Structure formats: structure tokens, C-alpha cells
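A.B. asks: sequence below, structure please.
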Amino acid sequence: MIDAVEQLDVVKGRIAAAEREAKRPGGEVTLVAVSKTFDADAIRPVIGAGQRVFGENRVQEAQGKWPALKAEFPDVELHLIGPLQSNKAKEAVALFDVIETVDREKIAAELAKEIARQGATPRLYVQVNTGSEPQKAGIEPREAVAFVKRCREVHGLKIEGLMCIPPAEENPGPHFALLAKLAREAGVEKLSMGMSGDYELAVAFGATGVRVGSAIFGTR
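C.D. replies: Take a look at the predicted model:
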């Protein structure tokens, strides 16, 4: 049985080393601990060890465990890092502090409606499909800058960053470089990129947030 608290320390240490290697200020990169498929009992020790930022893939699964955990630990920040269906926008806006997967016009419109209705202020990222993979969510790279602009000007959304999941079989470096370039062109500051297998490389390419699950919690 993997000890998630020990693994959390290892991951934090490797992020700090990657920041030093990239000559970046310490603590600049946020660790998003991906707790999908793990229950509240598995997550609680990691919160107890000081981790406060978590990621979930599915709205419905998150609803089953996070309202109680957030009541217990009010300073926890929850990120939605999986695809968002438009019929789940209401629940997503109510539960998540950050939604990283804005990737099409319909979602932008639904989020704008729910944000206005609920008076909520989730921070938003646009997901970019850097590998143009047909099975994967995300806006095409060539459309990303214009889409960020539409989100802001048409829907009144505040987009603070971009997110990507590079193709599993490719070197992620060029994908991270592309996302950083698009972020500069779109005028956004945050870059959510890098997972358990490549988060140190993502730090080198300018990630401000890395999404690490199995390296902390073990395999699902």
C-alpha cells in the first residue's frame, strides 16, 4: 500500500528541485493533487499533511465526497480537470473553485449563465488540445487565442490560464512550449500542464500548476 503522505513529500521535493533547476522562484508552481477515484478516507491524510489544492475529473464523483471535506477543511481549493458537460455547469460552478476545462462555445455560454445566476467566481482555464487528438477534449491550438478573446468579450468570462494534456506517446516538451506560446499570445498568465510522468519537465517549460495523481495516491 503506497503511503500518500510520504509520496506527497517526494513530489513536493521534486517540484522544488525543478524550480531551482529552471531558476524559478521557489513555491511558484502549485501542486494540484489529483484525487479522482479515491474516497474521502484516502484524501484526508493528504489534507492533514498540508496539501490544500486538489483536482477531480468528474463533477458527479466530486459531489459525492468534496462538499463534506470542504466543510471540514474550508481552505481547500478544488479544481475540475476533466471534461465538463453543459448539463453539469450548474453543479460545477457551485462546487469547484477552478474549472480548467473550458473548451467550446456552449460550455462558455453555460458557465457565464451559471456564474451570473449563482454570483460565484470560479477561476477559469481554457483547455487546448495541443496534439489535435480526435478523442480528446480541448480547443484546437489555432483557435485558442481567438476563443479566449470570445470568452472574455462575448461571454464576459475571466480566463486566467490555459491547460493541456499532451498525447501519451509523444514527447511532452513541444506541447508544453506550444501552450506557453499560446498563453503569451492570449494574454493569460497561468499554465496548467504536467502530470505524474512529466511534471518536472513542465516546470522547466513554465507551468504554474502541475496535476499529479498516481505519483501521490498510487495506481487506481
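A.B. asks: mind listing what's buried along the lengthiest helix in the chain?
C.D. replies: The single longest helix within the chain, with elements called by DSSP state H, is helix 4-21. In terms of neighbour count (16 or more other C-beta atoms under 10 Å), helix 4-21 has its buried residues at Ala4, Gln7, Leu8, Val11, Lys12, Arg14, Ile15, Ala18, Glu19. C-beta: built from backbone N, CA, C; applies to glycine.
A.B. asks: most widely separated two among those?
C.D. replies: In the buried residues of helix 4-21, two members sit farther apart than any others by C-beta to C-beta. They are Ala4 and Glu19, at 22.2 Å.
A.B. asks: before we move on, the earlier item: send the alpha carbons of the longest helix of the chain over as PDB?
C.D. replies: What follows is helix 4-21, C-alpha atoms only, in PDB (Å, rounded to 0.1, in the frame of the first residue of the first chain):
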ATOM      1  CA  ALA A   4       0.300   9.000   0.000                       C
ATOM      2  CA  VAL A   5       1.700  11.400   2.700                       C
ATOM      3  CA  GLU A   6       5.300  10.100   2.000                       C
ATOM      4  CA  GLN A   7       4.800  10.400  -1.700                       C
ATOM      5  CA  LEU A   8       3.400  13.900  -1.400                       C
ATOM      6  CA  ASP A   9       6.700  14.900   0.300                       C
ATOM      7  CA  VAL A  10       8.700  13.300  -2.600                       C
ATOM      8  CA  VAL A  11       6.600  15.100  -5.200                       C
ATOM      9  CA  LYS A  12       6.900  18.500  -3.400                       C
ATOM     10  CA  GLY A  13      10.700  18.000  -3.200                       C
ATOM     11  CA  ARG A  14      11.000  17.200  -6.900                       C
ATOM     12  CA  ILE A  15       8.900  20.300  -7.800                       C
ATOM     13  CA  ALA A  16      11.200  22.400  -5.600                       C
ATOM     14  CA  ALA A  17      14.300  20.900  -7.300                       C
ATOM     15  CA  ALA A  18      12.800  21.500 -10.800                       C
ATOM     16  CA  GLU A  19      12.100  25.200  -9.800                       C
ATOM     17  CA  ARG A  20      15.700  25.600  -8.800                       C
ATOM     18  CA  GLU A  21      17.000  23.900 -11.900                       C
END
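A.B. asks: other SSEs contacting that helix?
C.D. replies: Secondary-structure packing of helix 4-21 (3 or more C-beta pairs under 8 Å, 6 or more residues apart in numbering; DSSP states H and E): strand 30-34, helix 40-48, helix 199-204, helix 214-217.
A.B. asks: dump these to CSV, plus distance to Pro172, mean neighbour count and mean pLDDT.
C.D. replies: CSV is the format used below for those (distance: least, C-beta to C-beta, whole Å; neighbours: other C-beta atoms under 10 Å; pLDDT from 0 to 100):
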stretch, distance to Pro172, mean neighbour count, mean pLDDT
strand 30-34, 16, 23, 98
helix 40-48, 25, 15, 96
helix 199-204, 6, 22, 98
helix 214-217, 15, 20, 96
